[in-house]
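Participant: Just need the structure, nothing else, for what follows:
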Amino acid sequence: MAEQERIALFIDGANLYATAKALNFDIDYKRLLREFQSKGRLIRAFYYTALVEDQEYSAIRPLIDWLDYNGYSVVTKPTKEFVDSTGRRKVKGNMDIELAVDAMEMAEHLDHIVLFSGDGDFRSLVEAIQRKGVRVSVVSTVTTQPPMVADELRRQADEFVDIVNLVPRIGRDPAERVERMQRFQDRRPTSAATPVFDDQG
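Facilitator: Residues are numbered from 1 along each chain as shown. Presented below is the predicted three-dimensional model:
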């Protein structure tokens, strides 16, 4: 990457979380920001996630607040709750449109967009951004079974970065994970029902 290349990160929160979980590591978001600040001029780092509005304690809320105060532009919307045909309560929250609109609006001010998602629905977005003369890197992984990245998205990207190769630079110290889990268990209300997330559009 060129020294003064204008870069923006677009992070599909649910997708990145699922990828990190599948690879069994925690992302250190401060280190992630530093990693890309070192590669050029980081204009903006967007983080997209849907939130369960009426839950007393949401595990993601502390992360959202932290990101908001530490250099990320957080974009959220409330999830929609529904009951599927088997009677299971499901929560639906898809941020694809919000991410796509922001990426298209920002494209003219950027040289390089880094998309943290493996969702094949983004292939046409990547193509449209490339037509504007902007390079697009996709960050996901092919090391899981099945791969977390859709083949068509990987092929469309100018560069595919397997997140496994970034783990040493953006991963959290495993000892810290144990400590954080302990703090989470201490704060967690005992009666909270855990919703089943369905991220399909």
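
Participant: Buried residues, the helix or strand that contains I113. List them.
Facilitator: If you go by DSSP states H and E, I113 is part of strand 112-116. Under the neighbour-count criterion of 16 or more other Cβ atoms under 10 Å, strand 112-116 has 112-116 buried. For every residue, glycine as well, the C-beta is placed using N, CA and C.

Participant: Can you tell me the strand partners of it and which way each runs?
Facilitator: With DSSP bridges as the test, strand 112-116 is paired with strand 6-12 (parallel), strand 135-140 (parallel).

Participant: want to throw those strands into TSV with mean pLDDT and distance to L153?
Facilitator: Formatted as TSV, these follow (pLDDT from 0 to 100; distance: least, Cβ to Cβ, whole Å):
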stretch	mean pLDDT	distance to L153
strand 6-12	98	11
strand 135-140	98	6
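
Participant: Flag the shaky bits of this protein, pLDDT-wise.
Facilitator: Along the chain, segments meeting pLDDT under 70 span 1-3, 54-58, 90-92, 174-201.

Participant: Strands of that one, start to end?
Facilitator: 6-12, 41-51, 73-78, 80-83, 89-92, 112-116, 135-140, 159-162, 196-198 (DSSP state E).

Participant: can you tell which of these is closest to R123?
Facilitator: Closest to R123 of those, according to Cβ to Cβ: strand 135-140, at 9.6 Å.

Participant: Extract the CA atoms of that closest one and return them as CSV.
Facilitator: Only the C-alpha atoms of strand 135-140 are listed here, as CSV (Å, rounded to 0.1, in the frame of the first residue of the first chain):
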residue,chain,number,x,y,z
ARG,A,135,-9.1,-0.8,-4.9
VAL,A,136,-11.0,-3.3,-2.6
SER,A,137,-9.4,-5.8,-0.2
VAL,A,138,-11.6,-8.4,1.4
VAL,A,139,-10.7,-9.8,4.8
SER,A,140,-12.1,-13.1,5.8
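
Participant: Run through who's touching that strand.
Facilitator: 15, 19, 111-118, 122, 126, 129-130, 147-149, 153-154, 156-163, 166 (Cβ atoms under 8 Å, 6 or more residues apart in numbering).

Participant: make it 7 Å
Facilitator: Residues outside strand 135-140 that contact it (Cβ atoms under 7 Å, 6 or more residues apart in numbering): 19, 111-118, 126, 129-130, 148-149, 153-154, 157-161, 163.

Participant: Check stretch 24-43 too.
Facilitator: Contacts of stretch 24-43 (Cβ under 7 Å, 6+ apart): 1-9, 20, 45, 67, 70-71, 109-110, 112, 114, 166-167, 169-172, 177.

Participant: of these, buried ones?
Facilitator: Among the contacts of stretch 24-43, those classed as buried by 16+ other Cβ under 10 Å are 6-9, 20, 45, 67, 110, 112, 114, 166-167, 170-172.

Participant: just checking, which of the contacts of stretch 24-43 belong to helices?
Facilitator: 20, 67, 167, 169-170, 177 (DSSP state H).
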